[in-house]
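S.K.: Quick one, structure for this:
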Amino acid sequence: MTNNLKTVILCGGRGRRMGFEDIPKPLFKIGDKPILWHIMKSYENFGFRDFILLLGYEKEKIIEYFKNYKGWRIKFVDTGLNTNTGGRIKRIEKLIQEDFFFATYGDGLSDVDLSRLLAFHRQHNKTATLTSVRPYSQFGIMGIDSHTNMVTHFEEKPILDHWVNGGFFVFNREVFEYMQNDDVLESDTFSRLVRAKKLSAYKHYGFWECMDTYKDNLKLNQLWSEGSSPWAAWRRRKRVR
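M.R.: The predicted structure follows:
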């Protein structure tokens, strides 16, 4: 059954760009829960409760936080301190027996419909599907008349026209054939899949945010405190009841 699919989460990152060295990035909190909890809760919302956490930096802190969590099946795997993203996933090849599995990063939130993502993947029959998103510009932009060089308008941090990797994946088990032990998932594994025409993109037009810096963490916390947390469908459902 599809709700028995495993979700592999990359949790090896440090918190350097967050400004705190002693906390692994997936444990930075939104409200009173780590971002990793929010990610796992999002998968649970679609019926997926079987997780493999790929650990690295400060792994003991993640294990301590989640080891007694009720309702989720969690396997903790030490994939090394400095292992690249593709290499981390390659190390749990023997733990994946199903035809498909989910994978994602431990620092991104979205309201992507995971059931539709899985259906899209199965329909297109590729080895891998990534969720593509269009991020907001980091800066406001302005228009300039090409003839007079006069400024014509300002636009505050618009959505960009190009698509980027949003980090919510569905993989066939055969993806391991395209992975090597030292791979960077995004540049090595995906490049092989692209050359083999085995990688498809599911376009997501809704909410997506990556917690890359402390400023991003503050933004997500503000959304949470205001009750405007698009990724937290379980929260809205609870209020309706």
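
S.K.: Low-confidence bits of the protein, can you list those?
M.R.: Filtered on pLDDT under 70, the chain yields the residue ranges 1-3, 15-17, 19-21, 136-142, 153-161, 237-241.

S.K.: For the residue of it most remote from its centre, what is the enclosing helix or strand?
M.R.: Distance to the chain centre peaks in the chain at Thr148, reaching 44.3 Å (criterion: C-alpha atoms, centre = their mean). If you go by DSSP states H and E, Thr148 is not part of any helix or strand.

S.K.: Which parts of the chain are strands?
M.R.: With DSSP state E, the ranges of strands along the chain come out as 6-11, 29-30, 33-34, 50-55, 73-78, 100-105, 108-110, 128-133, 141-144, 151-155, 164-172, 199-203, 208-210.

S.K.: Show me the one of the ones you listed that comes nearest Trp234.
M.R.: strand 33-34 (11.8 Å; C-beta to C-beta). No exception for glycine: its C-beta is placed from N, CA and C like everyone else's.

S.K.: What are the contacting residues of that closest one?
M.R.: Pro26, Leu27, Phe28, Tyr65 (C-beta atoms under 8 Å, 6 or more residues apart in numbering).

S.K.: what is the nearest residue to the second one once chain neighbours are set aside paired to in the beta sheet?
M.R.: Taking C-beta to C-beta, 6 or more residues apart in numbering as the measure, Leu27 lies nearest to Pro34, with 4.4 Å between them; neighbours along the chain are not counted. Note on Pro34: beta-bridge partners by DSSP bridges are Lys29.

S.K.: Next, the contact list for Val175, please.
M.R.: By C-beta under 8 Å, 6+ apart, Val175 lies in contact with Thr127, Ala128, Thr189, Leu193.

S.K.: Farthest pair within these?
M.R.: Pairwise over the contacts of Val175, using C-beta to C-beta, the maximum falls at Thr127 and Thr189, 10.0 Å.

S.K.: Looking at these two, which has the bigger crowd around it?
M.R.: Neighbour totals were compared for Thr127 and Thr189, and Thr189 leads with 25 against 21 (other C-beta atoms under 10 Å).

S.K.: wait, isn't that one in contact with Asp182?
M.R.: No: using C-beta atoms under 8 Å, Thr189 is not in contact with Asp182, being 10.9 Å away.

S.K.: any shared contact partners between Thr127 and Thr189?
M.R.: Val175, Tyr178.

S.K.: Nearest residue to Leu53 in space, please, no chain neighbours.
M.R.: Closest residue to Leu53 apart from its sequence neighbours, by C-beta to C-beta, 6+ apart: Cys11 at 4.9 Å.

S.K.: Roughly how far does the one you found sit from Arg88?
M.R.: As judged by C-beta to C-beta, to the nearest Å, Cys11 and Arg88 stand 9 Å apart.

S.K.: tell me, what's touching those two both at once?
M.R.: Common neighbours of Cys11 and Arg88 (C-beta under 8 Å, 6+ apart) are Leu54, Gly56.

S.K.: of the two, who's got more company?
M.R.: Cys11 (29 against 25).

S.K.: The more buried one contacts Gly106, correct?
M.R.: Yes: contact criterion C-beta under 8 Å: Cys11 and Gly106 qualify, at 4.3 Å.

S.K.: Now the common contact residues for those two.
M.R.: Here Cys11 and Gly106 have Pro26, Leu36, Leu53 as joint contacts, going by C-beta under 8 Å, 6+ apart.

S.K.: Much appreciated, bye for now.
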